[in-house]
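# A structural model of the following input is requested.
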Amino acid sequence: MKTPSKNRNGFTLIELLVVISIIAMLLAILMPALSKVRKQARRVVCMSNLSQWGLIFTLYTEDHDGHFFAGHYDYTDPNGVSYTSSNSDLWPYVLKSYYQSPKLKFCPSARQSRSGRYRSRSTWSVWGDKVDEIFSGSYGLNGWVGDTPQEVLQTEGHDTANSWRTMDFSNSGKIPLMADALWFTSRPESSDLPPETEGQLDMKSRSGSSKPSDPAIKPPGRGGSIPEPPDDMWPTDPSNHMRRFTVNRHDEKLNVLFMDGMIKTVSPKELWRLKWHKNYDTSAPLPQWPQWMSSFKEPD
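Here you go, the predicted structure:
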């Protein structure tokens with residue numbers, strides 16, 4: 001008489017290996033797609049953040065007769081009288097009562113903190129390092145947006161007469177207001193050079209020193225609640241401010257908020273064709289692009 005066969009439970013080793021190999025193949029197929037979806041999600045969240053900043057700027061100007069806040073400035077007139085911005089002039093402080101979540105200041109792709117460093121040195125890192133919870137983020141303001149005191153004729157060599165002082169402009173759809181950036185504020189010029197390497201914020205002096213090349217450059221709010229950092233923690237170049245916005249944060253692009261409230265995803269090269277200030281020459285000759293930017297979309 002034959003004995004009844006026992007029911008087999010589980011898998012053989014070969015069957016397990018086959019299942020594992022199939023799972024591995026599926027993961028290999030799906031992971032790139034999932035990675036792309038995550039990047040797209042971060043880009044969308046970034047655009048949403050900037051859209052909310054557009055509303056915040058609108059609310060602020062509506063509360064102040066259409067005018068922006070003063071912004072960052074530092075100037076000494078011919079008589080030796082100095083004018084320097086304080087914390088109350090800078091957007092992270094001025095606008096803090098208009099939003100609740102600190103996350104609004106950070107692109108979701110750029111939240112890495114650098115201990116003891118005020119300036120960002122990476123596409124993915126923040127400026128401010130959260131030394132001050134208010135003075136930190138990964139977006140930057142177009143420094144030409146600001147209602148500086150009439151006595152301030154220049155700041156860091158930039159003519160403040162070129163500034164956008166109010167929100168009411170017919171070509172506001174061409175004026176950058178805020179964007180993905182390595183620093184909290186910057187005043188780009190059409191003659192600015194792009195960074196030689198990705199994430200490069202400043203150009204060193206000929207001696208190679210990281211000391212400021214312009215003694216007028218000072219941390220904003222000096223004497224206020226922001227501790228004064230050592231020189232190597234602060235941007236040192238009074239020129240080439242465009243490099244502070246030249247970031248490859250969203251697949252060879254970055255997000256830009258325009259004064260009309262629209263958000264656009266642009267190539268870093270296209271930054272040279274935006275209307276940063278009143279007399280900015282959008283048709284000026286373009287600079288020679290470094291190797292790391294060679295594959296980026298060219299301006300129209």
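# which residues in the chain form strands?
With DSSP state E applied, the chain shows strands at 74-76, 82-84, 139-142, 154-155, 158-159, 176-180, 185-186, 254-258, 263-266, listed in chain order.
# CSV for the ones you listed, including mean pLDDT and mean neighbour count?
C-beta coordinates here come from the backbone N, C-alpha and C atoms, glycine included. Listed next are the strands of the chain as CSV, based on pLDDT from 0 to 100; neighbours: other C-beta atoms under 10 Å:
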stretch, mean pLDDT, mean neighbour count
strand 74-76, 89, 17
strand 82-84, 89, 14
strand 139-142, 96, 26
strand 154-155, 86, 20
strand 158-159, 89, 16
strand 176-180, 98, 25
strand 185-186, 92, 24
strand 254-258, 97, 24
strand 263-266, 97, 18
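# between the ones you listed, which one is closest to Met293.
strand 254-258 (12.1 Å; C-beta to C-beta).
# what is the orientation angle of the closest one with strand 176-180?
Our comparison of strand 254-258 with strand 176-180, counting by axes from the mean of the first three to the mean of the last three C-alpha atoms, to 10 degrees, yields an angle of 160 degrees.
# hey, C-alpha coordinates of stretch 242-260 in PDB?
In PDB, the C-alpha atoms belonging to stretch 242-260 read as follows (Å, rounded to 0.1, in the frame of the first residue of the first chain):
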ATOM      1  CA  MET A 242      24.800  86.200 -11.200                       C
ATOM      2  CA  ARG A 243      26.700  83.100 -10.100                       C
ATOM      3  CA  ARG A 244      24.700  83.100  -6.900                       C
ATOM      4  CA  PHE A 245      21.700  82.200  -9.000                       C
ATOM      5  CA  THR A 246      23.500  79.900 -11.400                       C
ATOM      6  CA  VAL A 247      22.500  76.600  -9.900                       C
ATOM      7  CA  ASN A 248      21.700  73.200 -11.500                       C
ATOM      8  CA  ARG A 249      19.000  72.300  -8.900                       C
ATOM      9  CA  HIS A 250      16.200  70.800 -11.100                       C
ATOM     10  CA  ASP A 251      17.800  68.700 -13.900                       C
ATOM     11  CA  GLU A 252      19.900  71.500 -15.500                       C
ATOM     12  CA  LYS A 253      17.300  74.100 -14.600                       C
ATOM     13  CA  LEU A 254      16.200  76.200 -11.600                       C
ATOM     14  CA  ASN A 255      12.900  77.800 -10.600                       C
ATOM     15  CA  VAL A 256      12.300  81.500 -10.900                       C
ATOM     16  CA  LEU A 257       9.500  83.700  -9.400                       C
ATOM     17  CA  PHE A 258       8.700  86.700 -11.500                       C
ATOM     18  CA  MET A 259       7.200  90.000 -10.300                       C
ATOM     19  CA  ASP A 260       3.900  89.200 -11.900                       C
END
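# residues of it that come out buried?
By neighbour count, and taking 16 or more other C-beta atoms under 10 Å as the criterion, the buried residues in stretch 242-260 are 242-250, 253-260.
# before we move on, what about stretch 72-81?
By neighbour count, with 16+ other C-beta under 10 Å as the criterion, the buried positions of stretch 72-81 are His72, Tyr73, Asp74, Tyr75.
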